[in-house]
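S.K.: what shape does this take:
(2 chains)
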Amino acid sequence: MGFLRLLSRIWDTITSLTRPPNAATLFRRADLYRQEGRFEEAAELVAQGLRLAPNNGVGHLLSAYLHLAFRQIGPAKSEFQAVLQVDPYHPRALLGLAKIALEERNLAECRPFLDKALQYYPDFPEARALQEMVAGWTTAAAAPGQKPAYAGSPIQVEKLKPPAGGREFVLTQSDGTLVFSQHGDKDAEDLAAHVTQVYRIASATLQRAGLGVLRRGVVQAATESSFFRSNDRFILALSFPHDVKIGFGLLETDKLWTNSLRELGVRA
Amino acid sequence: MSPEPAPPVRSARAREFRRILAEMLKIDRVRGGLVVAADGLVIAASLPRGVAVEPLAALAATLGRELEVGADRLKRTPFQAAHFSADNGTVFLGSSPVGFVVVLGDREVNVGLVQWALRKALASLEGAWGTPAQVPARPEDM
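M.R.: This next block holds a predicted model:
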């Protein structure tokens, strides 16, 4: 019997090396590749696995992650939803959809996903961190169909002139209400929404790292550098062409910040 | 079915991430860092005691994505690097094809030096994927 068992084990080993891997093996390998940042190879294995097991939740979850890694948001969303078809309370799929809703600035959709993920898995640190972050976000009240308007003392616009080379100057309240913008119209609203979102997420990140509340920020891109200045109530953002010296940008942003607070009647 | 590629290739990217993180951690007053994919997956991490990896990674990836998505919405070019300062330190964030490199510095950290080192590290990562980005020769040129 012992000899037969040994023969059987050898046979199993040989056939496992020659037969095609099953879906579970493919997904396992794909996850290893993904953890090494080898997204292209991982995606190929996941596609193979899903051809073998089209309703496999693990496969759809991996596929969603890889779409996110490639910044393909629509397909990622569909794949997270496919996971929820298999398991409606899958915490990672719920977290994925919450993150996408956050990117889409759809807070009303984001919160229930996080709540649901934490309802059954309260020890889920990523979901908890995002839930705590969005819990503190307030939205300015406005009449139906109207945008929230700044209700503070009127500002003398001519005193808030950005420095030479400075552009896209915007001043908002921490709830996203636009206080002042160099440009009028919808562009200003979009810029204010982005600036507010960056302020909120950067503040949460700094606090999570034990460093305190956001005071200054610099975002560098190929064509411009944007400078942020903030306190608990207001956020200022100002951009310069990409070749600006960081020290100059910080200095000019500080000057504009001081002037803005003076105009707003707020002590620095 | 296609076989797995040879082992030396398999770990090259992971090794490169760890090497970059180790280089950043050598800078004076840098207290920690991590490499996180856009989906929040932690690829490499070394953080100070008391700072949990997963929550910080989730927030840093969310911040990186907002900077990417916001630039796209505003029809700006994609962000390359950013830093955000508070009273007790600074969070640096660099964008790469694989996700985001995050570095934590204390209140005395040399912001210019870390920015420059981060841009250099990102350029070497870019090199592994395609064309490396141009980085000034010295921190003071930034």
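
S.K.: neighbours around the closest residue to A:L211 other than its chain neighbours, how many?
M.R.: Leaving aside its sequence neighbours, A:L211 sits nearest to B:G89 (CB to CB, 6 or more residues apart in numbering or on different chains; 3.8 Å). Every C-beta, even on glycine, is put in place using the N, C-alpha and C of the backbone. B:G89 has 21 neighbours, counted by other CB atoms under 10 Å in any protein chain shown.

S.K.: which parts of the chain are strands?
M.R.: By default, I'm working from chain A. Taking DSSP state E as the test, the strands found in chain A are A:167-173, A:178-181, A:216-221, A:224-230, A:234-241.

S.K.: oops, I was thinking of chain B
M.R.: With strands called from DSSP E, chain B shows them at B:30-37, B:42-46, B:79-86, B:89-96, B:99-106.

S.K.: now do the fourth one: which elements does it pack against?
M.R.: Translated: strand B:89-96. Here strand B:89-96 touches helix A:185-208, helix B:53-73, strand B:79-86, strand B:99-106, helix B:111-129, going by 3 or more CB pairs under 8 Å, 6 or more residues apart in numbering or on different chains; DSSP states H and E.

S.K.: picking up where we left off before, look up how far B:E108 lies from the residue nearest to A:L211.
M.R.: Applying CB to CB, to the nearest Å, the value for B:G89 to B:E108 is 9 Å.

S.K.: kindly report the same for A:L118.
M.R.: A:L118 is 37 Å from B:E108, by CB to CB.

S.K.: mind checking which of the two has more residues around it?
M.R.: Legend: neighbour count by other CB under 10 Å for A:L118 and B:E108, higher for A:L118 (18 against 8).

S.K.: number of residues surrounding the spatially closest residue to that one that is not a sequence neighbour?
M.R.: Spatially, and ignoring its direct neighbours in sequence, A:L118 is nearest to A:A127 (5.4 Å; CB to CB, 6+ apart). Applying other CB under 10 Å, we find 26 residues neighbouring A:A127.

S.K.: ditto for A:T13
M.R.: Count around A:T13 with other CB under 10 Å applied: 9.

S.K.: quick one: pLDDT of the nearest residue to A:A64 once chain neighbours are set aside?
M.R.: Of all residues not flanking A:A64 in the chain, A:E79 sits nearest, at 3.5 Å (CB to CB, 6+ apart). Reading off the confidence values, A:E79 has pLDDT 98.

S.K.: so what's the residue count around A:E79?
M.R.: 24.

S.K.: out of the strands of chain A, which gets the lowest mean score?
M.R.: For the strands of chain A, where the average pLDDT is lowest is strand A:178-181, sitting at a mean of 88.

S.K.: and the contacts of that strand?
M.R.: By CB atoms under 8 Å, 6 or more residues apart in numbering or on different chains, the surrounding residues in contact with strand A:178-181 are A:147, A:150, A:152, A:155, A:157, A:160, A:169-173, A:188-189, A:191-192, A:234, A:260, A:264.

S.K.: may I have the beta-bridge partners of the residue nearest the centre of chain B?
M.R.: Chain B has B:V101 as the residue nearest its centroid, 1.3 Å off, counting by CA atoms, centre = their mean. Note on B:V101: beta-bridge partners by DSSP bridges are B:V35, B:G94.

S.K.: OK, contacts around it?
M.R.: B:V101 makes contacts with B:20-21, B:24, B:33-35, B:93-94, B:118, B:121-122, B:125, as judged by CB under 8 Å, 6+ apart.

S.K.: try B:V69
M.R.: By CB under 8 Å, 6+ apart, the contact set of B:V69 is A:E103.

S.K.: buried ones in stretch A:198-216?
M.R.: A:198-211, A:213-216 (16 or more other CB atoms under 10 Å in any protein chain shown).

S.K.: alpha carbons of it, as PDB, please.
M.R.: Coordinates of each C-alpha in stretch A:198-216 appear next as PDB, following Å, rounded to 0.1, in the frame of the first residue of the first chain:
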ATOM      1  CA  VAL A 198      -7.100  68.300  -1.900                       C
ATOM      2  CA  TYR A 199      -7.200  70.300   1.400                       C
ATOM      3  CA  ARG A 200      -9.500  67.800   3.100                       C
ATOM      4  CA  ILE A 201      -7.700  64.600   2.000                       C
ATOM      5  CA  ALA A 202      -4.200  66.100   2.600                       C
ATOM      6  CA  SER A 203      -5.300  67.200   6.100                       C
ATOM      7  CA  ALA A 204      -6.600  63.700   6.900                       C
ATOM      8  CA  THR A 205      -3.400  62.200   5.600                       C
ATOM      9  CA  LEU A 206      -1.200  64.500   7.700                       C
ATOM     10  CA  GLN A 207      -3.200  63.900  10.800                       C
ATOM     11  CA  ARG A 208      -3.200  60.100  10.200                       C
ATOM     12  CA  ALA A 209       0.600  60.400  10.000                       C
ATOM     13  CA  GLY A 210       0.600  62.300  13.300                       C
ATOM     14  CA  LEU A 211       1.900  65.500  11.800                       C
ATOM     15  CA  GLY A 212      -0.900  67.900  12.400                       C
ATOM     16  CA  VAL A 213      -3.300  70.000  10.200                       C
ATOM     17  CA  LEU A 214      -2.400  71.200   6.700                       C
ATOM     18  CA  ARG A 215      -0.800  74.600   6.500                       C
ATOM     19  CA  ARG A 216       1.000  74.700   3.200                       C
END
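
S.K.: just the pLDDT at the residue nearest the centre of chain A, thanks.
M.R.: For chain A, A:E103 is the residue whose C-alpha lies nearest the centre (CA atoms, centre = their mean; 5.5 Å). In this model, A:E103 is scored at 95, pLDDT.

S.K.: quick one: it from A:L97, how far?
M.R.: For A:E103 relative to A:L97 (CB to CB), the value is 11 Å.

S.K.: any regions of the chain where pLDDT drops low?
M.R.: Just going to use chain A. The model of chain A has pLDDT under 70 over residues A:1, A:15-18, A:139-149, A:151, A:153-154, A:157, A:184-186, A:268.

S.K.: not quite, I wanted chain B
M.R.: In chain B, residues with pLDDT under 70: B:1-11, B:127-142.

S.K.: just to revisit the earlier point, for A:N55, which of the strands of chain A is the nearest?
M.R.: strand A:216-221 (42.0 Å; CB to CB).

S.K.: quick one: strands adjacent to that closest one?
M.R.: strand A:224-230 (antiparallel), strand B:79-86 (antiparallel).
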